[in-house]
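**Q** Can you look at this prediction? I've put the sequence above it.
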Amino acid sequence: MQLLRTFARAAGTAAILLSTTALVQAADVSFLTHWGPDTVAKLEAAAAAYSKDHPDTKITVRAVPFGDLLTTLRSSGGGSDGATIAGIYDAWLPDLAKDKLVAPVPDAIAADTKANWPAGVVGAASIGGTLYGIPNEIDVYALNYNKKLFAAAGIADAPKTWDELLADAQKLTDKSKGQQGFGMINSWAAGVLHPFASLLVSNGGDLVVDGKPTLDSKQATETFELYEKLIKSGYSDPQMATADANTTGPFLDNFVSGKTGMIIMANWWESALKAGMGDNFADVATAPIPVGPSGDKARSISYSWMTVVNAKASADEQKAAWDFLSWLNGPTSGPNGASAMGDILMSMGILPSRTSDGAAFKDKLDSDAFLKGYTETLANAKGFPVVLGGQEFSESLQKTLEAMQFGQLSAADAQKTAQSDATEILTRAAQ
Amino acid sequence: MLAPATGLLAVFIFVPMLLTLWLSLQSWSTQTGFDTARFIGVQNFIDIFSNSSIGRDFKAALVNTLIYTVLSVVLILPLSVAFGLLVHQKLAPGGIVLRTILFSTYMVPMIAVALVFSKLYSPTEGPINQVLGWIGIPAQTWLSAPQTALGSIVLLNVWQQVGYFTVLAVAGLTQIPDSLYEAARIDGANPVQRFWSITLPLLGNTLLFSAVIAIINSVQVFEPVALITQGGPVNATNVLTYHIRRVGIERAQGGLGSAMAVTLMLVLIVSITALFAFARAREARRA
């Protein structure tokens, strides 16, 4: 009897302990990103700071190269064992939301997000009015040029029009030195598309309007022809334009080593330029995208990133993930009223999209001549189209533009192929 | 006694194969359950051989894979025999050292090979072009142009794999009795005649095995493309495994990806069967 009583007591104690343990059981939250080791270390430090006040939440960070991010998200991130949080590019959102891989933002956090981020960025993180992620970075394209090469070529100012762009590219091209006037990018979809799209919108055109491709417009014809001129006249050498899976490679090496006079790139590559150029980074200047013959003002392409939560994670994990993201992107987690996310992004030269982060980092943004060139461009930037089938559309247009870069297609044939393929892809994806 | 093992093999080999075959006849997103798959007959196969962007990309990837495979096999097999003869010969010392050096390339992880080769091949900063420049050869485009990118990946593959196939060739060479060479020498056959009349014919089975393995390895090429070129430029290095990953996983078009995988499997089965049939016919003629 005594034995039975002891057993019953032990069982009762165990049950109480187990239930208590269940109540404080740690929520494991994993964060999938494509950031480099230095930035991951900053994110881990932020996670550690959060965990001090939230010991029940364990946050781990997993990084993969950009080229593998979507595949990792698709192959493992979508399952219940996949990453709880992932940083994604806005163009991927429609397909991920269609496949129910990402969870809608809880109402309270959604209301806070809508109140504290610009409407355009919130729109890019929403599908059918439902917000799916907390936006963090915004990227915009501008013309980067090497002031030393400009001075050596006798060019005083950055080109403002396409005619000036061609004239400057000619002056900067020196084949005996292996120097090209204007750098293009290949073997990386966004690297090919975004500069092309920036020139297109600066010529008054668009890639997609109301879900339908508009690559058959007059503005697009002129943009394809500009590319053809740059290639055929030798002002741009496609063999100096290769990118690798980490979005680095010869295109970056050639700009860093002063063999490329001008290139159209996004603000986020500031850290790569600084790392590669050292003191020579002072030679780099930023200017608006030159305006095409059909354009009215300098425009550019912008896109945003956001953090989403795995819809197949458990309810506890989702709750913990949103709570962490709300803190990470909130005004109390970083220095001087900035968010910790904003602080992490600024360390890479990336513009944070939260309105209060813009104010918190105003001095830094104003004093950074490189970034200032981008922030000034932002007001006239058009968002890169966020449509179903966006990734396939991007890869298809990338292939066509690369074929033109390497002389396999004329400007007219490239335009025809691009419009026809884009129509087929977007129509199929919308079904 | 073999039944449990056979059952396991059936589960882990035949079930996925049959599932892939079934999926190739469906319209299905890889991010949704099998219950969402919709039967569409052979439409996926029609699409991948059509003139749409889906079809053009698939056919280009198939051709790239065939070129990569043929070039790899054509380079690896003769090189492995040549290196095998060098390792196996007893006239000069250093055979074991050579075998160790050759085999060591096979043991280097592909990620390290990819990192090193992407820098070696760099058109402006790369050491290979710098060395070529010293001897008056103009800089080559390597991975930076569609005309040379696939060939550059083949060279990387040959560099890494040739050591393994050399070991296979050496194993085959050790099986050839010395007495045959002795008899040929007495009959007055020179080294070249001995190679064509004794070595090569008796290496037949080894070379057949090497060819099959080299074909399978080449058709499955994935890492160097994923790590270095991402299929570019202009899809020049977009081989089938990489393309299937892009379609089936990145774009979640599971039905199309499965149709591509089934086609790749059929091409591989036909190629290997043809190779064995050719070898059997040759043996029958000799008999």
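**A** Great, that's in hand.
**Q** confidence score at the one residue in the stretch 1-150 of chain B that gets nearest to chain A?
**A** Residue of the stretch 1-150 of chain B nearest chain A, by Cβ to the nearest Cβ: B:Gln31 (3.6 Å). Just so you know, the C-beta spots here come from the backbone N, C-alpha and C atoms, and that holds for glycine as well. Here the pLDDT value assigned to B:Gln31 is 78.
**Q** Isn't it up against A:Ala97?
**A** No. With contacts counted by Cβ atoms under 8 Å, B:Gln31 stays clear of A:Ala97, the gap being 10.8 Å.
**Q** quick revisit: give me every residue that touches the residue of the stretch 1-150 of chain B closest to chain A.
**A** B:Gln31 makes contact with A:74, A:78, A:99-101, B:252 under the criterion Cβ atoms under 8 Å, 6 or more residues apart in numbering or on different chains.
**Q** isn't there a helix covering it?
**A** No. With DSSP: H, G, I helix; E, B strand; the rest coil as the criterion, B:Gln31 is assigned coil and is not in a helix.
**Q** which one is it nearest to, not counting chain neighbours?
**A** Ranked by Cβ to Cβ, 6 or more residues apart in numbering or on different chains and with sequence neighbours excluded, the top spatial neighbour of B:Gln31 is A:Asp99, at 3.6 Å.
**Q** Contacts only, for that neighbour.
**A** Contacts of A:Asp99 by Cβ under 8 Å, 6+ apart are A:78, B:29, B:31-32, B:252.
**Q** Could you give the separation between the terminal residues of stretch A:74-93?
**A** 12 Å (Cα to Cα, to the nearest Å).
**Q** Buried residues, that stretch. List them.
**A** A:74-75, A:77-78, A:82-93 (16 or more other Cβ atoms under 10 Å in any protein chain shown).
**Q** Looking at the helix or strand where B:Val154 lies now, give me its mean pLDDT.
**A** Using DSSP states H and E, B:Val154 maps to helix B:146-174. Averaged across helix B:146-174, pLDDT comes to 94.
**Q** From the contact counts, what lies against that helix?
**A** helix B:53-88, helix B:95-107, helix B:110-120, helix B:204-219, helix B:223-224 (3 or more Cβ pairs under 8 Å, 6 or more residues apart in numbering or on different chains; DSSP states H and E).
**Q** Could you list the buried residues of it?
**A** Neighbour count says helix B:146-174 has B:146, B:148-170, B:172-173 buried, by 16+ other Cβ under 10 Å.
**Q** do stretch B:264-272 as well
**A** So stretch B:264-272, judged by 16+ other Cβ under 10 Å, has buried residues B:264, B:267-268, B:271.
**Q** Among those, which one lies nearest to chain A?
**A** Looking across the buried residues of stretch B:264-272 and measuring by Cβ to the nearest Cβ, the closest to chain A is B:Leu264, at 18.6 Å.
**Q** Dead centre of chain B: give me the residue that sits there.
**A** Here the mean C-alpha position of chain B is nearest to the C-alpha of B:Ser218 (Cα atoms, centre = their mean), at a distance of 1.4 Å.
**Q** got the domain boundaries for chain A?
**A** A:26-138+A:303-367, A:140-301+A:386-430 (automatic domain parsing).
**Q** quick one on the thing from earlier: does the residue nearest to the centre of chain B really touch B:Ile67, like I thought?
**A** No. The criterion here is Cβ under 8 Å, and B:Ser218 misses it with B:Ile67 at 10.0 Å.
**Q** so where is the chain shaky, pLDDT-wise?
**A** By default, I'm working from chain A. A:1-26, A:77-80 (pLDDT under 70).
**Q** actually chain B
**A** Using pLDDT under 70, chain B drops low at B:1-2, B:287.
**Q** So which bits of it are right by chain A?
**A** Where chain B comes near chain A, counting by Cβ under 8 Å from any Cβ of the partner chain, the residues are B:29-32, B:52-53, B:57, B:118, B:122-125, B:141, B:143-146, B:226-235, B:245-246, B:249-252.
**Q** Make a PyMOL selection of whichever of those turn out to be buried.
**A** In PyMOL syntax, the buried subset of those is picked out as below (16+ other Cβ under 10 Å):
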select buried, chain B and resi 29+30+31+32+52+53+57+118+122+123+124+141+143+144+145+146+226+227+228+229+230+231+232+233+234+235+245+246+249+250+251+252
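**Q** Would you mind giving both backbone torsions of the residue of chain B found nearest chain A?
**A** Residue nearest to chain A within chain B: B:Gly232 (3.1 Å; Cβ to the nearest Cβ). Main-chain torsions, B:Gly232, degrees, to the nearest 10: phi -90, psi -180.
**Q** Make sure it is actually in contact with A:Ser187.
**A** Yes. The criterion here is Cβ under 8 Å, and B:Gly232 meets it with A:Ser187 at 3.1 Å.
**Q** Which residues are in contact with each of those two?
**A** With Cβ under 8 Å, 6+ apart, B:Gly232 and A:Ser187 have common neighbours A:242, A:402.
**Q** From the contact counts, what lies against the strand or helix carrying A:Ser304?
**A** Take DSSP H and E as the rule and A:Ser304 turns out to sit in strand A:300-309. When contacts are defined as 3+ Cβ pairs under 8 Å, 6+ apart, strand A:300-309 packs onto strand A:85-89, helix A:93-98, helix A:119-124, strand A:133-146, helix A:189-201, helix A:315-328, strand A:381-383.
**Q** Recalculate using a threshold of 6 Å.
**A** strand A:85-89, strand A:133-146, helix A:189-201, helix A:315-328, strand A:381-383 (3 or more Cβ pairs under 6 Å, 6 or more residues apart in numbering or on different chains; DSSP states H and E).
**Q** Please tabulate these in JSON lines, including the columns distance to A:Gly358.
**A** JSON lines is the format used below for the helices and strands packed on strand A:300-309 (distance: least, Cβ to Cβ, whole Å):
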{"stretch": "strand A:85-89", "distance to A:Gly358": "20"}
{"stretch": "strand A:133-146", "distance to A:Gly358": "10"}
{"stretch": "helix A:189-201", "distance to A:Gly358": "22"}
{"stretch": "helix A:315-328", "distance to A:Gly358": "17"}
{"stretch": "strand A:381-383", "distance to A:Gly358": "15"}
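**Q** Just put the ones you listed in TSV and tack on distance to chain B.
**A** Below are the helices and strands packed on strand A:300-309 laid out as TSV (distance: least, Cβ to the nearest Cβ, whole Å):
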stretch	distance to chain B
strand A:85-89	12
strand A:133-146	15
helix A:189-201	9
helix A:315-328	18
strand A:381-383	22
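**Q** Nearest residue to B:Val247 in space, please, no chain neighbours.
**A** B:Gly257 (4.7 Å).
**Q** does that neighbour sit in a helix, a strand or a coil?
**A** B:Gly257 is classified as helix under three-state DSSP.
**Q** what's the answer for B:Ile137, then?
**A** coil.
**Q** Phi first, then psi, for it.
**A** Residue torsions, per degrees, to the nearest 10, at B:Ile137 are phi -90, psi 130.
**Q** I'd say A:Leu401 and A:Val192 touch.
**A** Yes. Between A:Leu401 and A:Val192 there is a contact under Cβ atoms under 6 Å: 5.1 Å.
**Q** Up against chain B, what does chain A have?
**A** Within chain A, the positions near chain B by Cβ under 6 Å from any Cβ of the partner chain are A:67, A:70-71, A:74-75, A:78, A:99, A:101, A:178, A:186-187, A:239, A:242, A:245, A:250, A:253, A:391-392, A:396, A:399, A:402-403, A:406, A:421, A:424.
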